[in-house]
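Asks: Quick check, what structure comes out for this input:
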Amino acid sequence: MDAVVIGAGPNGLVAANALVDAGWDVLVLEAQDSVGGAVRTAEVTAPGFRTDLFSAFYPLAAGSPLIRGLHLEDHGLRWVKAPDVLAHALDDGRAAVLRHGAQDTAAGLEEFAPGDGDAWLRMVESWRTIRDPLLDALFTPFPPVVSVARLLRRVGVAGGIDLARLAVLPVRRLGSEHFRGEGGRLLLTGNAMHSDVPPDAAGSGVFGYLLAMLGQDVGFPVPEGGAGALADALAARVVAGGGHIETGERVASIDVSGGRAVGVRTQDGSVVRARHAVVADVTAPALYRDLVGLQHLPPRMRRDLDRFQWDHPTFKVNWAVDRPIPWTAPGAHGAGTVHLGVDSDGFVDMAADLSTGRIPERPFLLFGQMTTSDPTRSPAGTESAWAYTHVPHGVRWTPDEVAAEVERVEAAVERVAPGFRDAVLARHVQSPADLEAANENLVGGAVNGGTSAVHQQLFFRPTPGLGRPETPVDGLFLASASAHPGGGVHGAPGWNAARAALGAASRTGKVRRLLTRTVWARVLHER
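Replies: The predicted structure follows:
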């Protein structure tokens, strides 16, 4: 084999696609019995109700030039959308709604405060100016020299300074600078809370801005039939290109010889040699500690791994519902995603609970109306729904603790959709421990491969170094969400790892490897 890819999650499959497109002989080894990683669908609540077990809505995939360039529609993928993108339902019956048309979104925000509609349209217009070079900059290896140069040509020096400020701005401050009313602030902050960065922390603003603008731009689309259709299309493209995928094959270790990754050993003792590269779609701690072994790493990196920080765990409840969700707010009925549970100040209260290890009594929820987005997900007149929230690390999820959290979640939904509990036919609960049991990359229920806080982003991700997919071991490349640019189904870590592997095997590869090794040595070795 030219390359072995460990893990058939979306990043591993994107990497495999890039490598087979280059003509390499590629083998993907996946420990689970099916492909997809955290992009899978199953009937777990009631017959006929299809549930996305992990991720569900894909604005980053729809906006990603990498995913779009794979033309997955040729391999069975079909994107569908809800009538509205997103709503934030408040306990008083109001809702801020992100609609597909910017003018329609603006009209709704104007009801919260005069002038906020125009503020939204100005934000959207600015986004349209910087969209392509900004996404290129986010999705390419660090430093993104070419895309940043394109970005600066569009916005000028002053605009570049504004963007640099946005990159570190807390989302609470971003919202207050642009909107007088609560509506626009809710849309920005709710989207920021898809990450684990607190709303008053540096860097949360760019997450809220990016997801809100992508929602206005491409929506929050879903694969028809379930999230698993996206993984199936990626896998089908690999096979069509001549690649090989084996499920139920757990990699036990990576063979390292002379400082270079030369292949892998599976749990049953089989050895697979890799002429050019081993590409790993696994978390950074698992790659370096479990598959490579600390003896092959510089001492400084061993210390940095001890400082690696996970994002907040996720707690998820899935429901089969016998009717449409009985929202009090009219604007929530047609939204594929509904944020609920807190107002603007409640975001801060929840973040404080998480930072101090308390389970929030009033959790912020992300609620998915999957049948509203895709009618194939459940029988007509019903709803396949889920909600997830973040919880602190260190909780022992006993049956009583799980039941108490389900009660908090359902109480939050009941406040904005009275009668919801009466409509539930069946439920399926995924505690943080359940998420990890179903997918080893979701360590402790953390779904983003490590915190998105600024101290573990860019060249600090996954540990202080290059911010690139190369590792201290030649021929080994990190392709998971632990690598820059981090979590979300956009394929960038996998694509970047594949590009790095191709570059290392090219005519200039020896020079590239020497330069990379020199930099790694300077950064990681003890002096």
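Asks: what pLDDT, on average, does stretch 158-168 get?
Replies: Taken as a whole, stretch 158-168 carries a mean pLDDT of 86.
Asks: got a list of contacts for that stretch?
Replies: With Cβ atoms under 8 Å, 6 or more residues apart in numbering as the test, stretch 158-168 has contacts from 130, 134, 151-152, 155, 174, 202-203, 205-206, 209, 454. Every residue, glycine included, has its C-beta placed from N, CA and C.
Asks: Next, the buried residues of stretch 380-397.
Replies: For stretch 380-397, the neighbour count (16 or more other Cβ atoms under 10 Å) marks 382-392, 395, 397 as buried.
Asks: next one: stretch 367-381
Replies: Within stretch 367-381, the residues that qualify as buried are 367-374, 377-378, counting by 16+ other Cβ under 10 Å.
Asks: shaky segments in the stretch 351-500 of the chain?
Replies: Counting by pLDDT under 70, the ranges of the stretch 351-500 of the chain that qualify are 466.
Asks: For it, which segments are assigned as strands?
Replies: Along the stretch 351-500 of the chain, counting by DSSP state E, counting those that start in this stretch, strands occupy 365-369, 383-390, 424-430, 476-478.
Asks: Counting by contacts, list what the last one packs against.
Replies: Contacts defined by 3 or more Cβ pairs under 8 Å, 6 or more residues apart in numbering; DSSP states H and E place strand 476-478 against strand 277-280, helix 492-504.
Asks: One more: the second one?
Replies: Counting by 3+ Cβ pairs under 8 Å, 6+ apart, the packing neighbours recorded for strand 383-390 are strand 51-52, strand 314-321, strand 365-369, helix 370-373, helix 399-416.
Asks: I'd like the ones you listed as a markdown table, with distance to residue 480 appended.
Replies: As requested, the helices and strands packed on strand 383-390 are exported to a markdown table (distance: least, Cβ to Cβ, whole Å):
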| stretch | distance to residue 480 |
| --- | --- |
| strand 51-52 | 20 |
| strand 314-321 | 17 |
| strand 365-369 | 22 |
| helix 370-373 | 26 |
| helix 399-416 | 28 |
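Asks: what's the closest of those to residue 430?
Replies: Ranking the helices and strands packed on strand 383-390 by their distance to residue 430 (criterion: Cβ to Cβ) puts strand 314-321 first, at 4.2 Å.
Asks: contacts for whichever helix or strand comes after that closest one?
Replies: Beyond strand 314-321 on the C-terminal side, the first helix or strand identified by DSSP states H and E is strand 335-340. With Cβ under 8 Å, 6+ apart as the test, strand 335-340 has contacts from 57, 81-90, 97-98, 186, 190, 193, 220, 222, 327, 332, 364-370, 372-373, 412-413, 415-416.
Asks: could you redo the last one with a cut-off of 6 Å?
Replies: With contact meaning Cβ atoms under 6 Å, 6 or more residues apart in numbering, strand 335-340 is reached by 57, 82, 84, 86-89, 190, 220, 332, 365, 367, 369, 372-373, 416.
Asks: Is it correct that residue 84 is in contact with residue 334?
Replies: Yes: the pair residue 84 / residue 334 is scored as a contact, 4.4 Å apart, by Cβ atoms under 6 Å.
Asks: how would you label the closest residue to residue 118 other than its chain neighbours: helix, strand or coil?
Replies: If the residues on either side of it in the chain are set aside, residue 118 comes closest to residue 106, at 7.0 Å by Cβ to Cβ, 6 or more residues apart in numbering. Secondary structure assignment for residue 106 (DSSP: H, G, I helix; E, B strand; the rest coil): helix.
Asks: tell me the phi and psi of residue 89?
Replies: As for residue 89, its main-chain torsions (degrees, to the nearest 10) stand at phi -90, psi 130.
Asks: Give me the pLDDT for it.
Replies: 98.
Asks: Tell me which residues touch it, please.
Replies: Residue 89 makes contacts with 95, 329, 332, 338, 340, 416, as judged by Cβ under 6 Å, 6+ apart.
Asks: can you count the residues close to the closest residue to the second one other than its chain neighbours?
Replies: Spelled out, it's residue 329. Nearest non-adjacent residue to residue 329, counting by Cβ to Cβ, 6+ apart: residue 95, 3.6 Å away. Around residue 95 there are 26 other residues, counting by other Cβ atoms under 10 Å.
Asks: wait, residue 95 sits on residue 331?
Replies: Yes: the pair residue 95 and residue 331 passes the contact test of Cβ under 6 Å, sitting 3.8 Å apart.
Asks: list residues touching both of those two?
Replies: Residues touching both residue 95 and residue 331 (Cβ under 6 Å, 6+ apart): residue 87.
Asks: Now do stretch 259-271, average pLDDT.
Replies: The average of the pLDDT scores along stretch 259-271 is 94.
Asks: and residue 283, backbone torsions?
Replies: The phi/psi pair for residue 283 (degrees, to the nearest 10) is phi -70, psi 150.
Asks: between the helices and strands packed on strand 383-390, which gets nearest to residue 465?
Replies: Per Cβ to Cβ, nearest to residue 465 of the helices and strands packed on strand 383-390: strand 314-321, 27.4 Å.
Asks: Tell me how far the residue lying closest to residue 415 once chain neighbours are set aside lies from residue 186.
Replies: In this structure, residue 415 finds its nearest non-sequential neighbour in residue 91, 5.1 Å apart by Cβ to Cβ, 6+ apart. Using Cβ to Cβ, to the nearest Å, residue 91 is found at 12 Å from residue 186.
Asks: These two: who's more crowded?
Replies: Taking other Cβ under 10 Å, residue 91 and residue 186 do not tie; residue 186 has more neighbours (27 against 16).
Asks: packing partners for the helix or strand encompassing that one?
Replies: Counting by DSSP H and E, the element that carries residue 186 is helix 182-192. If you count contacts as 3 or more Cβ pairs under 6 Å, 6 or more residues apart in numbering; DSSP states H and E, helix 182-192 packs onto strand 95-98, helix 171-178, helix 204-218, helix 344-355.
Asks: please redo it, this time with the cut-off set to 7 Å
Replies: strand 84-89, strand 95-98, helix 102-110, helix 116-139, helix 171-178, helix 204-218, helix 344-355 (3 or more Cβ pairs under 7 Å, 6 or more residues apart in numbering; DSSP states H and E).
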